[in-house]
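J.: pasting the sequence and the predicted coordinates here, then a few questions.
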Amino acid sequence: MKTNMHTRFPFASKCNLGTALMVALLAATVAQAQLTPSGDAYTNTADPTTNYGAKTLLDVESASQTAYIQFNLSSIPSGYTGADITKATLKLYVNAVTKAGSFNVDYVNGTWSEGTIDANNAPALGSTIAASVPLTTADKNQYILIDITTALQAWLNGTETNDGIALVGNSPLNASFDSKESTTTSHSAELDIVFVGGGTITGVTTASGSGLMGGGTGGTLNLSLTDTCAANQVLQWNGTAWICANLKGSGTITGVTAGADLTGGGTSGNVTLNLDTTKVPLLAAANTFTAGQLISSGGGSPSLSVSNSGGAAGVYSIAAGAGIFGETTTNTALGGIMGVDGSAAGTGNGVYGTSSGGNGVYGHSTTGNGVYGQTAGAGSSGVSGTNPAGGTGVSGTAPAGGVGVYGENQSTSVGGDGILGRAHTSNGNGVHGTNDASFAVGVYGESSAPNGYGVYGHALNGYGIASDSNVSQWRGTGGWVKAMVYVDPFKGGIQRCFNSQLPGSQATTVPCGISYTKYLVGQYMVDFGFQVDDRFLQFTALNGTNWGVSINGCLDDYCTISPSQVSIIESRNDTVIDATFFITVF
């Protein structure tokens, strides 16, 4: 418990400058102090092992309850003895008197602690300091004062050890006093001390530099502020004394000049200062910014966060170049620009961009994704692009060997689309891919599922997948034609052909990478230049210009196949003859 000591001098009063001081001479100087308890508790023989140190009351009952109070005397000036004490008064606040009676105030002969004392370990009591202190029901909610001057003097002289005092009830007393833990009245016990004083005031003088005048040696004295200052002067403390000083800033304002980021000012009349809106943006108006402005932040917070609950865009910009540019320099899942659609219906766009000739949304990354979109709503799109003028809705390039446009449906239960393209005109493209390098891929699809599709096309009345150029498929897979050749031995060999393993025009330019050799009449060899002995082949023979006449080919031992070569013997009615023929490799 904190111990407070207050010293009071009856002749001293608080003074503010400008208030006259009234001092009565011949008043004796007296010093007083107040001490609050450093510890208090009570014990109860009916419950001998219980500690009551945290209770808000000190119960005193003649048959079973004794209160203990201790004061810390360390705040009394060092060297003080009993001779320096005029009076010591114990001040108690009576909380309740159940049965009137009296109590004694005794010395305590042994140490104790507020938090551990109980009836079993309480120290023995010493001699009585004050006997039979009366207590009546009329004392409730009142202070009572008990003279314990002899105890304080004994403690300071060392004739008694300061182990506190005990309040011991005499039958039939049953009462309680406020403890230092009381929060209802905060009227804890006090030890009021009056120290021995001496001498009388014989006069009051005002020292040089005090800023005061008056005083004297008898009667009622008046003190007031000095009147020696000139007009328009004030008293000012210079660090050592009060002096008369001139007012600072006196004179006439001749003009107001606008400082940094301000406009206006003037040299006469009422002048106005305004913010320079070319340098300080306004919240309630449109602002124009110069090029190269940067908003940056550290840590995990966005540099700029804007929200709009009224259905408009949080950030909107029109520019000949990039309307909004964002950059992140750390390896993080967040991007340079991040937009969140917080609408309840989920019909908005996290990031939305429009352009009359360039890119609505453009993203560039050297390691991650140029543009990344994510949606948690079924039927929504992570990235969606539209172009009403016949251009491209979403366009992606990857100069470093990455993926221009990448889409992924991460759901394991809902059938969504990694990439969805839709065209509304007869010459438009839902998904369009181009390449400008040999063996490059315009549109690439991959499926790791046993029955999945890398690229899938569906049409109710049109074409699921259509092409106006050659279609290529890896030779080891099924589904599309790998190669076709039409051979006319009467005209020197291959006349038309297709080879899906060759790029561009090479796939359809005779001989299409396919070689033809005639050994004898009706005996030929066609080499496709890639393995075909593990593929399905269709052979159709025609006799001269007589189309539709079946010629025995690839029957029995007349057609043999090596890894890339097909050997053919044509005959009719067991006679070997020359004939035109087709071979298709699936």
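T.: Okay, I see it. Please read all numbers here as calculations on a predicted model, not as lab measurements.
J.: for the stretch 51-200 of the chain, just list every one of the helices.
T.: Under the criterion DSSP state H, counting those that start in this stretch, the stretch 51-200 of the chain contains helices at 149-157.
J.: pLDDT score assigned to the nearest residue to residue 109 once chain neighbours are set aside?
T.: Spatial nearest neighbour of residue 109, excluding adjacent residues (Cβ to Cβ, 6 or more residues apart in numbering): residue 126 at 4.4 Å. The C-beta positions use only the backbone N, C-alpha and C, and glycine is treated the same way. Residue 126 carries a pLDDT value of 97.
J.: all numbers from here: first residue = 13
T.: Happy to do that; since the first residue is 13 now, the last one works out to residue 138.
J.: how many residues are close by residue 138?
T.: Counted with other Cβ atoms under 10 Å, residues neighbouring residue 138 total 17.
J.: neighbours of residue 373, just the number please.
T.: Residue 373: 21 neighbours (other Cβ under 10 Å).
J.: per-residue pLDDT of residue 50, please?
T.: For residue 50, pLDDT reads 94.
J.: next, it: secondary structure please.
T.: Classification of residue 50 using DSSP: H, G, I helix; E, B strand; the rest coil returns strand.
J.: right, and residue 187 touches residue 148 too?
T.: No - taking contacts as Cβ atoms under 8 Å, residue 187 lies outside contact range of residue 148: 9.7 Å.
J.: for the stretch 263-412 of the chain, which segments are assigned as strands?
T.: 268-269, 274-278, 285-287 (DSSP state E, counting those that start in this stretch).
J.: format the ones you listed as JSON lines; extra columns: distance to residue 168, mean neighbour count and mean pLDDT.
T.: Below are those laid out as JSON lines (distance: least, Cβ to Cβ, whole Å; neighbours: other Cβ atoms under 10 Å; pLDDT from 0 to 100):
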{"stretch": "strand 268-269", "distance to residue 168": "70", "mean neighbour count": "12", "mean pLDDT": "90"}
{"stretch": "strand 274-278", "distance to residue 168": "70", "mean neighbour count": "14", "mean pLDDT": "89"}
{"stretch": "strand 285-287", "distance to residue 168": "70", "mean neighbour count": "13", "mean pLDDT": "86"}
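J.: that older thread, just checking, the residue nearest to residue 121 touches residue 122?
T.: No - if you go by Cβ under 8 Å, residue 138 and residue 122 don't touch, sitting 9.0 Å apart.
J.: which one of residue 187 and residue 148 has more residues nearby?
T.: Just comparing residue 187 and residue 148: by other Cβ under 10 Å the higher neighbour count belongs to residue 187, 29 against 14.
J.: which residue packs closest to the more buried one, ignoring adjacent ones?
T.: Using Cβ to Cβ, 6+ apart and skipping residues adjacent in sequence, the residue nearest residue 187 is residue 109, 4.7 Å away.
J.: list the contacts for residue 533?
T.: Applying Cβ atoms under 8 Å, 6 or more residues apart in numbering to residue 533 gives the contacts 588, 589, 590.
J.: got a PyMOL select line for the buried ones in these?
T.: In PyMOL, this line selects whichever of the contacts of residue 533 come out buried by 16 or more other Cβ atoms under 10 Å:
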select buried, resi 590
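J.: out of the strands of the stretch 263-412 of the chain, flag the one nearest residue 202.
T.: strand 285-287 (60.4 Å; Cβ to Cβ).
J.: just checking, what packs against the closest one?
T.: Contacts defined by 3 or more Cβ pairs under 8 Å, 6 or more residues apart in numbering; DSSP states H and E place strand 285-287 against strand 274-278.
J.: dump the C-alpha coordinates for the strand it packs on into PDB.
T.: C-alpha atoms of strand 274-278 as PDB (Å, rounded to 0.1, in the frame of the first residue of the first chain):
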ATOM      1  CA  LEU A 274      -0.500  28.100 -50.900                       C
ATOM      2  CA  THR A 275      -1.900  30.800 -53.100                       C
ATOM      3  CA  GLY A 276      -3.300  34.200 -52.400                       C
ATOM      4  CA  GLY A 277      -2.200  36.800 -49.800                       C
ATOM      5  CA  GLY A 278      -1.900  40.600 -50.200                       C
END
